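# starting from these lines, generate the structure:
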Amino acid sequence: MAHTRNVAVLVGSLRKGSLNRKLALALQGIAPEGLTLEIVEISQLPHYNQDDDANPPAATVAFKQKIASVDAVLFVTPEYNRSVPGVLKNAIDVGSRPYGHSAWSGKPTAVISLSPGAIGAFGANHHLRQSLVFLDMPAMAQPEAYVGGAGDLFDDAGGLKKPETKQFLDKFLAAFARWIEKNGAPAH
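Have a look, this model is predicted:
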């Protein structure tokens with residue numbers, strides 16, 4: 001890769017000790033050359049309200065500008081009730097409105113879902129993908145990333161304990177870098 005691609009990472013959990021945030025931070029540390037991952041915070045976003053479209057809150061404007069400025073988006077999410085957390089859905093809605101002015105359109109994307117359970121937040125992963133189709137975000141299909149057993153994934157410093165998980169995530173990020181090159185806007 002001859003140039004750096006900037007990737008917004010959206011973490012679907014706001015919890016202080018979030019396993020998903022730990023994963024996002026670990027991914028930053030193992031990102032391949034040419035891929036810069038930056039966590040874009042979503043906790044400050046107001047709930048989407050169509051009445052605000054003509055005069056959006058400052059946090060909404062800043063968020064949309066940030067998403068518009070990146071080359072791609074990586075979602076790292078837990079599963080709440082077989083779907084995405086409300087805070088992540090709100091960020092998607094805030095970034096996509098008003099209709100016809102979406103910051104998401106055309107951004108290559110990938111999804112990693114993570115949970116302590118065995119199925120690795122499979123439901124949230126696929127529910128999120130339904131929205132990505134509508135948002136015109138080319139979503140990487142393979143490799144799929146459902147990471148289960150998250151409670152035993154990290155060491156005390158937040159690093160990945162299991163070599164096989166790190167190896168999988170290395171392959172995932174390399175595939176995502178290729179996906180961005182194939183589906184993203186030409187580099188400047």
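
# put the alpha carbons of the longest helix belonging to the chain into PDB.
Longest helix of the chain, by residue count under DSSP state H: helix 163-183. What follows is helix 163-183, C-alpha atoms only, in PDB (Å, rounded to 0.1, in the frame of the first residue of the first chain):
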ATOM      1  CA  PRO A 163      -2.000 -15.900  19.500                       C
ATOM      2  CA  GLU A 164      -4.700 -17.500  17.300                       C
ATOM      3  CA  THR A 165      -7.000 -14.500  17.900                       C
ATOM      4  CA  LYS A 166      -4.200 -12.100  17.100                       C
ATOM      5  CA  GLN A 167      -3.400 -14.100  13.900                       C
ATOM      6  CA  PHE A 168      -7.000 -14.000  12.900                       C
ATOM      7  CA  LEU A 169      -7.300 -10.200  13.500                       C
ATOM      8  CA  ASP A 170      -4.100  -9.600  11.600                       C
ATOM      9  CA  LYS A 171      -5.600 -11.500   8.600                       C
ATOM     10  CA  PHE A 172      -8.900  -9.600   9.000                       C
ATOM     11  CA  LEU A 173      -7.100  -6.200   9.000                       C
ATOM     12  CA  ALA A 174      -5.000  -7.100   6.000                       C
ATOM     13  CA  ALA A 175      -8.200  -8.100   4.100                       C
ATOM     14  CA  PHE A 176      -9.800  -4.900   5.200                       C
ATOM     15  CA  ALA A 177      -6.900  -2.900   3.900                       C
ATOM     16  CA  ARG A 178      -7.300  -4.600   0.500                       C
ATOM     17  CA  TRP A 179     -11.000  -4.100   0.600                       C
ATOM     18  CA  ILE A 180     -10.500  -0.300   1.200                       C
ATOM     19  CA  GLU A 181      -8.100  -0.100  -1.800                       C
ATOM     20  CA  LYS A 182     -10.500  -2.000  -4.000                       C
ATOM     21  CA  ASN A 183     -13.700  -0.100  -3.000                       C
END
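
# let me know the pLDDT of the residue nearest in space to the middle of the chain.
Geometric centre of the chain, nearest residue: Phe75, 1.6 Å, by CA atoms, centre = their mean. The per-residue pLDDT reported for Phe75 equals 98.

# check the one 3 residues further on too.
For Pro78, the model assigns a pLDDT of 94.

# ramachandran angles for it?
Backbone torsions for Pro78, taken as degrees, to the nearest 10, come to phi -80, psi -180.

# next, count neighbours for it.
Neighbours of Pro78 under the rule other CB atoms under 10 Å: 24. (Glycine included, C-beta is placed from N, CA and C.)

# alright, that wraps it up for me.
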